[in-house]
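1. Sequence below, structure please.
(one chain, ligands or ions: 4)
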Amino acid sequence: MGYTRREFIRIAGAGAGAAAAGSGLASRWWGADGDPVPDPGTDGDKVVPSFCELCFWKCGILCHVKDGRVTKIVGNPKHPLSRGRLCPRGTGGTGLLYDPDRLKKPLVRANGRGGQSFREVEWSEALDRVADGLKGLREKYGPESLALYTHGYGGSWFKHLLRAYGSANVAAPSYAQCRGPREAGFRLTFGQGVGSPENTDMENARCITLLGSHLGENMHNTQVQDFALALSRGAGLVVVDPRFSVAAGKADHWLPIKPGTDLALLLAWIHVLLAEGLYDRDYVDKYAVGLDKLREHVADKTPEWAYTATTIPPEKIVATARFLAGARPASLVHPGRHVTWYGDDTQRTRAIAILNALLGSWGRRGGFFLPAQLPLPKYPYTHYGTEPKPPADAAKGRVYPFADETIASGVCDASIPGTADYDIKGWLVYGTNLLLALPEPEKTRKAIQALDLIVAIDVLPAEITGWADVVLPEATYLERCDELDAPPWRVPFAAVRQPVVEPMYDSKPGWWIARELAHRIGLADYFPWKDSVEYAMQRAHAAGLDCDAMRRDGVVVGAPAAVTIEDGVEPVFDTPSGKIELYSQPLADAGFDPLPNFTPPEEPPPGMFRLLFGRSPVHTFGRTTNNRFLSEVASTNELWLNRRAADELGLADGEQVVVVNQDEVRSEPLALRATQRIRSDCAYMVHGYGHDAPGLRFARGRGANDTRLVTRTKIDPLMGGTGMNVNFVRVERRQP
Ligand SMILES: Nc1nc2c(c(=O)[nH]1)N[C@H]1C(S)=C(S)[C@@H](COP(=O)(O)OP(=O)(O)OC[C@H]3O[C@@H](n4cnc5c(=O)[nH]c(N)nc54)[C@H](O)[C@@H]3O)O[C@H]1N2
Ligand SMILES: Nc1nc2c(c(=O)[nH]1)N[C@H]1C(S)=C(S)[C@@H](COP(=O)(O)OP(=O)(O)OC[C@H]3O[C@@H](n4cnc5c(=O)[nH]c(N)nc54)[C@H](O)[C@@H]3O)O[C@H]1N2
Ligand code: SF4
Ligand SMILES: [Mo]
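-> Ligands and ions are numbered 1, 2, ... in the order given. Got it, this is the predicted structure:
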């Protein structure tokens, strides 16, 4: 575990992390000297282990409690995803728990949707209202007319409720607005997606290639730790990003690619690997099919060809191809996570997968490990009964053959009457702020207006709650127990979330809300347990896990498993051929390109820039921008614009500007960051700012909301993901 806080801060150094280091806050986050906390001790009455929910990585936490208050949150040294450390956000959990703007009582709408008038009611009244609504939908339109939107771990109780109710319309923007194309691209190639947490063996990589993935700003804890560790051990780094990201600052090669052209670069890299014989011949012979077709396909995809598209000089393409190949098989081309960019995203991630196959990195140490998992039997529930109707997440007559989850934006479209095979008439919204998460927010509003019922289960008065008929205040993750977490990972483990303190105000845990609703709509049989602790411990017990140890330590870790070919694992490819499919027959059969083809994206018109967005290292989307503790470091976003482009517009660094998109949608004002660290054909801002919900008293009115500017998308025809980097903006001085 050999990296120091200094090394970490160097990783986070160029972003807001620099401010963190400077303000002294970093020491609060990373422990005195950043070393893992061996024995955290306690400066209070007790330490309760649990896992984090400030994002979806689910790091193990130790929560110190004094006089009934959580005083600090540190990483659990025993938990494989935190190993004694948290990212800045995880330590800021108390900023959510003690947020004065939290939802405190159930609310029932008192006037039309979108107006902000609510009445505080008791739980019994709120739950009766929701139950009546659910019964009404079932009788009038059938159970499939109800959709659940969900993000976050507490969503499991509501997913179960929806299946029991009889609807398959369970959707999350974290699929079709995030990692969906990557899962499809890798599954088509290797027979398996990369999942979350991703099975990247970054700590052992000798070369890491990042396309967009802006690690250090994207702060998934274990990944950033492993990234820092690999770099400290001398791993090479190639960063492909139109912006000089934090990661680019550590790179051996930064390729400031023209946005939307990564597929051309990838094909040219594949060309060089094959032309120069640099690929892993033994591995490909043994495990892959379609090499000849691939060779033929990329014969003309030369570095010179790619240069015109990408603006990356051919010598640089050749040099980096050799650099990647020099480290194989411990050469990891990161699959990306938020990959819904240009509508050809599954094909782009297919090219990433193919490149990894040529490097022989799948299943290899320093590439992608083949994860292990504790066998945790499902809770022995009553059978769900008849199969529900397939989800209504595509326009009439349309299918996305390679989607493996429901398309959140499609469910939204299906809520506008007459567009899909059947209409969605009610939404339960758990832990997702759809007005910020789904593109084309006008469409989201229109869909909401057509619904019979919309219920929001949230912890904060986020934008979505302002549109709900009933708002149910959930207890935060520090006040509740949820489902066990036992994801596939390098070491098998199972972790428990348990209440650290009692729920504040009149908030209630999700499991309780779901069970109460089930009881009111005749589905009590599906919720036979007393509470979620009983539920979780029954599962743990059935798996033969030591429940006492789990509750004491927060986690039970299984025996180290063999997870790479080097460890003796024989990889299994769940594809039709049983092999890695460089050439994809299923794609050909479905009428798609069996090998990825590059089509240049539309160029921004003169005077306009392509709008790009990403993450702040100290925030998670808009879910933490009201967190006063985290906002000490970053309380607003800025518009990144190339310095020369700003000069040409007569705009100065730091000046207040407004961003106007191709459809004349104007952003909230924000400060301009005129910088050489971005190409001159694009503009960039951090997502999650520009809140207008009146109840978010801190975040409201700070910075600009990128989602409002995403008024068009390009849909991935393979799996329905919404490419969102296809909007163009001009930049104007803010008028006084
Ligand atoms: N601190 C923090 N960490 C997070 C999150 C968070 O909210 N906060 N969210 C988590 C989640 S859910 C996700 S999905 C991930 C997202 O994190 P990533 O998957 O790393 O992010 P992206 O949004 O894909 O990438 C943003 C980067 O891509 C670059 N980019 C934009 N267009 C292009 C292009 O055409 N080509 C290339 N090569 N680069 C381009 C941008 O300049 C930016 O640096 O982060 C996770 N980690
Ligand atoms: N324009 C634009 N759109 C994007 C992105 C982007 O970069 N730009 N990123 C995309 C990506 S990668 C993703 S993954 C999605 C994520 O988008 P979402 O699915 O919306 O995820 P969050 O923003 O984390 O969800 C925030 C909501 O969860 C609530 N919440 C927080 N904790 C809890 C809890 O414990 N219980 C309950 N019930 N509610 C809670 C918050 O108050 C807030 O209302 O957005 C996607 N959409
Ligand atoms: S990466 Fe950070 S915010 Fe996400 S779960 Fe881990 S500590 Fe929490
Ligand atoms: Mo995401």
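2. alpha carbons only for contacts and neighbour counts from here, please
-> Noted.
3. Tell me who's in contact with the closest residue to R480 other than its chain neighbours.
-> Spatial nearest neighbour of R480, chain neighbours left out: P499 (4.3 Å); criterion: Cα to Cα, 6 or more residues apart in numbering. Counting by Cα atoms under 8 Å, 6 or more residues apart in numbering, P499 touches 50, 477-481.
4. can you put those in JSON lines and add neighbour count and distance to ligand 1?
-> Formatted as JSON lines, the contacts of P499 follow (neighbours: other Cα atoms under 10 Å; distance: Cα to the nearest ligand atom, whole Å):
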{"residue": "S50", "neighbour count": "33", "distance to ligand 1": "20"}
{"residue": "Y477", "neighbour count": "28", "distance to ligand 1": "17"}
{"residue": "L478", "neighbour count": "25", "distance to ligand 1": "20"}
{"residue": "E479", "neighbour count": "19", "distance to ligand 1": "22"}
{"residue": "R480", "neighbour count": "24", "distance to ligand 1": "22"}
{"residue": "C481", "neighbour count": "26", "distance to ligand 1": "22"}
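5. overlap between these and the residues near ligand 2?
-> For ligand 2, the contacts drawn from the contacts of P499 by Cα under 6 Å from any ligand atom are Y477.
6. residue of the stretch 551-700 of the chain with the smallest distance to ligand 3?
-> Proximity of the stretch 551-700 of the chain to ligand 3 (Cα to the nearest ligand atom) peaks at T620, 7.2 Å away.
7. Doesn't that residue lie inside a strand?
-> No - per DSSP: H, G, I helix; E, B strand; the rest coil, T620 lies outside any strand segment and is coil.
8. Take the contacts of P499 and write them to a markdown table, including secondary structure and pLDDT.
-> Compiled in a markdown table, the contacts of P499 are given as follows (DSSP: H, G, I helix; E, B strand; the rest coil; pLDDT from 0 to 100):
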| residue | secondary structure | pLDDT |
| --- | --- | --- |
| S50 | strand | 98 |
| Y477 | helix | 98 |
| L478 | helix | 98 |
| E479 | helix | 98 |
| R480 | coil | 97 |
| C481 | coil | 96 |
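9. follow-up on the earlier one: let's see the pLDDT reported for the residue nearest to R480.
-> For P499, the model assigns a pLDDT of 96.
10. Under a three-state scheme, what state does L96 occupy?
-> On the basis of three-state DSSP, L96 is classed as helix.
11. neighbours around it, how many?
-> 23 (other Cα atoms under 10 Å).
12. Repeat that for N111.
-> N111, neighbours per other Cα under 10 Å, totals 12.
13. That one reaches S117, doesn't it?
-> Yes - between N111 and S117 there is a contact at 6.0 Å, judged by Cα atoms under 8 Å.
14. so what's A590 up against?
-> Neighbouring residues of A590 by Cα under 8 Å, 6+ apart: P401.
15. State the distance from it to Y583.
-> 13 Å (Cα to Cα, to the nearest Å).
16. what about K530, neighbour count?
-> The number of residues packed near K530 is 10, by other Cα under 10 Å.
17. did I read that right, it in a helix?
-> No - K530 is assigned coil when assessed by three-state DSSP, not a helix.
18. What helix or strand is the spatially closest residue to K105 that is not a sequence neighbour located in?
-> Spatially, and ignoring its direct neighbours in sequence, K105 is nearest to D506 (5.3 Å; Cα to Cα, 6+ apart). Using DSSP states H and E, D506 sits within no helix or strand.
19. then stretch 600-613 to CSV, C-alphas only?
-> Listed next in CSV are the C-alpha coordinates belonging to stretch 600-613 (Å, rounded to 0.1, in the frame of the first residue of the first chain):
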residue,chain,number,x,y,z
PRO,A,600,-16.7,12.3,-38.6
PRO,A,601,-19.0,14.2,-36.3
GLU,A,602,-20.7,17.4,-37.3
GLU,A,603,-18.4,20.4,-36.9
PRO,A,604,-19.4,23.4,-34.7
PRO,A,605,-20.5,26.3,-36.9
PRO,A,606,-18.1,29.3,-37.1
GLY,A,607,-18.1,31.2,-33.8
MET,A,608,-19.4,28.3,-31.9
PHE,A,609,-17.8,25.7,-29.7
ARG,A,610,-18.6,22.1,-28.8
LEU,A,611,-19.9,21.9,-25.3
LEU,A,612,-18.1,19.3,-23.1
PHE,A,613,-18.6,18.6,-19.5
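20. any residues touching it, and which ones?
-> Under the contact criterion Cα under 8 Å, 6+ apart, stretch 600-613 has outside partners 260-261, 309, 342, 680-687, 706, 725-731.
21. so is the residue in the stretch 51-200 of the chain that ligand 2 sits nearest to in a helix, a strand, or just coil?
-> Per Cα to the nearest ligand atom, S174 is where the stretch 51-200 of the chain lies closest to ligand 2, at 3.7 Å. Here S174 is helix, with the state taken from three-state DSSP.
22. So what's the residue count around it?
-> Other residues near S174 come to 20 when the count uses other Cα under 10 Å.
23. If I look at it, what pLDDT would I see?
-> Reported pLDDT for S174: 96.
24. Please apply the same query to the one 3 residues further on.
-> Listed pLDDT for Q177 reads 98.
25. which residues in the stretch 51-200 of the chain form strands?
-> Using DSSP state E, counting those that start in this stretch, the strands assigned to the stretch 51-200 of the chain run over residues 60-66, 69-75, 107-109, 118-120, 146-150, 170-171.
26. For this protein, which residues are neighbours of ligand 4?
-> 174, 178 (Cα under 5 Å from the ion).
27. Could you give the average pLDDT over the helix ranked longest in the chain?
-> In the chain, assigned by DSSP state H, the helix with the most residues is helix 123-141. Helix 123-141 carries an average pLDDT of 98.
28. Can you point out the buried residues in it?
-> Buried residues in helix 123-141, counting neighbours by 16 or more other Cα atoms under 10 Å, are found at 123, 126-127, 129-131, 133-135, 137-138.
29. what's the most distant pair in the residues you listed?
-> Pairwise distances across the buried residues of helix 123-141 peak at 22.3 Å for W123 and R138 (criterion: Cα to Cα).
30. domains for the chain, by residue range?
-> The chain is divided into the following domains under automatic domain parsing: 200-368+571-589, 609-733.
31. Are the longest one and ligand 3 in contact anywhere?
-> Yes - applying Cα under 6 Å from any ligand atom, one finds domain 200-368+571-589 touching ligand 3 at 219-221.
32. Let me know the distance separating C682 from ligand 4.
-> The gap separating C682 from ligand 4 is 21 Å, by Cα to the ion, to the nearest Å.
33. typed the wrong thing, it's E474
-> E474 is 22 Å from ligand 4, where distance means Cα to the ion.
34. thought that residue was touching W512?
-> No - using Cα under 8 Å as the test, E474 is too far from W512 to be in contact (9.5 Å).
35. what helix or strand does A645 sit in?
-> Secondary structure from DSSP H and E places A645 in helix 643-648.
36. which of the residues in that helix are buried?
-> 643, 645-646.
37. Stretch 484-492 now?
-> Using 16+ other Cα under 10 Å as the test for burial, stretch 484-492 gives 484-492.
38. give me the subset of the contacts of stretch 600-613 touching ligand 2.
-> Applying Cα under 6 Å from any ligand atom to those, one finds that 687, 706 fall near ligand 2.
39. Okay, and which of the contacts of stretch 600-613 map to strands?
-> Here DSSP state E is the test, and these give 682-686, 728-731 as lying in strands.
40. In CSV: these, plus distance to V246 and neighbour count.
-> Converted to CSV, the ones in strands among the contacts of stretch 600-613 look like this (distance: Cα to Cα, whole Å; neighbours: other Cα atoms under 10 Å):
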residue, distance to V246, neighbour count
C682, 17, 22
A683, 16, 25
Y684, 14, 23
M685, 14, 24
V686, 13, 24
F728, 24, 26
V729, 24, 25
R730, 25, 21
V731, 24, 22
